[in-house]
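Undergrad: Return atomic coordinates for the entry below.
(one chain, ligands or ions: 1)
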Amino acid sequence: MEETFAMLKPDAIERGLVGNIISRIENKGYKIIQMRTSHLTADLIKEHYQHHLGKAFYPKLEAFMMRDQVLFIHLSGPNCIEGMRLLAGATNPNEALPGSIRGDFAFDMTENLIHTSDSPETAQIELRRFALI
Ligand SMILES: Nc1ncnc2c1ncn2[C@@H]1O[C@H](COP(=O)(O)OP(=O)(O)OP(=O)(O)O)[C@@H](O)[C@H]1O
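TA: This next block holds a predicted model:
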């Protein structure tokens with residue numbers, strides 16, 4: 001069974017969308033293995049978003065990710081890596097389709113509610129990075 005990592009970002013917590021998003025994950029049929037809230041450090045954000053380091057929007061992204069708690073989710077299900085990317089919707093919420101989490105609830109490029117791993121290798125790295133395995 002495939003496993004993946006998801007993280008609900010500070011805007012999901014602040015806007016009270018945690019229950020709604022978790023319901024979507026469960027309604028799809030995926031199984032929650034573990035969840036934990038945490039406050040991200042600047043170092044962890046740097047590691048997680050190393051592909052964006054140095055870009056103009058990085059300071060805004062870092063401040064956003066440290067603004068409030070995040071929720072780590074370890075989950076499993078058939079084809080759940082691709083399935084979670086589809087549930088989340090496009091990175092730019094203005095291009096995310098209605099029915100997806102970002103398409104239904106977000107319009108800001110930075111504050112887009114959820115992160116999900118994009119490959120089996122990344123899922124394992126991220127589950128370890130955030131101490132879920
Ligand atoms: N041009 C941008 N302006 C502002 N924020 C951005 C921009 N591009 C990406 N981000 C932020 O950085 C995060 C990571 O970007 P990435 O390109 O890895 O997209 P993603 O894989 O859809 O998102 P995530 O990694 O959060 O799942 C985005 O989710 C968003 O919060």
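
Undergrad: Would you map the helices across this protein?
TA: Taking DSSP state H, the helices of the chain run over residues 10-14, 18-28, 42-48, 58-65, 80-88, 101-105, 120-129.

Undergrad: So which of those is nearest the ligand?
TA: In terms of Cβ to the nearest ligand atom, the element of the helices of the chain nearest to the ligand is helix 58-65, at 5.1 Å. Using the backbone N, CA and C atoms, a C-beta is placed for each residue, glycine as well.

Undergrad: Let's have the helices of the chain in TSV, adding mean neighbour count, mean pLDDT and distance to the ligand.
TA: As requested, those are exported to TSV (neighbours: other Cβ atoms under 10 Å; pLDDT from 0 to 100; distance: least, Cβ to the nearest ligand atom, whole Å):
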stretch	mean neighbour count	mean pLDDT	distance to the ligand
helix 10-14	19	98	10
helix 18-28	15	98	13
helix 42-48	14	98	8
helix 58-65	15	98	5
helix 80-88	20	98	7
helix 101-105	20	98	9
helix 120-129	16	98	9
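
Undergrad: looking at those helices, which is closest to N94?
TA: Closest to N94 of those is helix 101-105 (Cβ to Cβ; 9.1 Å).

Undergrad: circling back to that earlier point, distance to E2 added to the helices of the chain, as JSON lines?
TA: As requested, those are exported to JSON lines (distance: least, Cβ to Cβ, whole Å):
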{"stretch": "helix 10-14", "distance to E2": "23"}
{"stretch": "helix 18-28", "distance to E2": "13"}
{"stretch": "helix 42-48", "distance to E2": "21"}
{"stretch": "helix 58-65", "distance to E2": "26"}
{"stretch": "helix 80-88", "distance to E2": "5"}
{"stretch": "helix 101-105", "distance to E2": "19"}
{"stretch": "helix 120-129", "distance to E2": "7"}
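
Undergrad: Tell me which of the ones you listed lies nearest to H74.
TA: Distance to H74, taken as Cβ to Cβ, is lowest for helix 120-129 among the helices of the chain, at 5.9 Å.

Undergrad: Now do that closest one and helix 80-88, the angle between them.
TA: Here helix 120-129 points in a direction 80 degrees away from that of helix 80-88 (axes from the mean of the first three to the mean of the last three Cα atoms, to 10 degrees).
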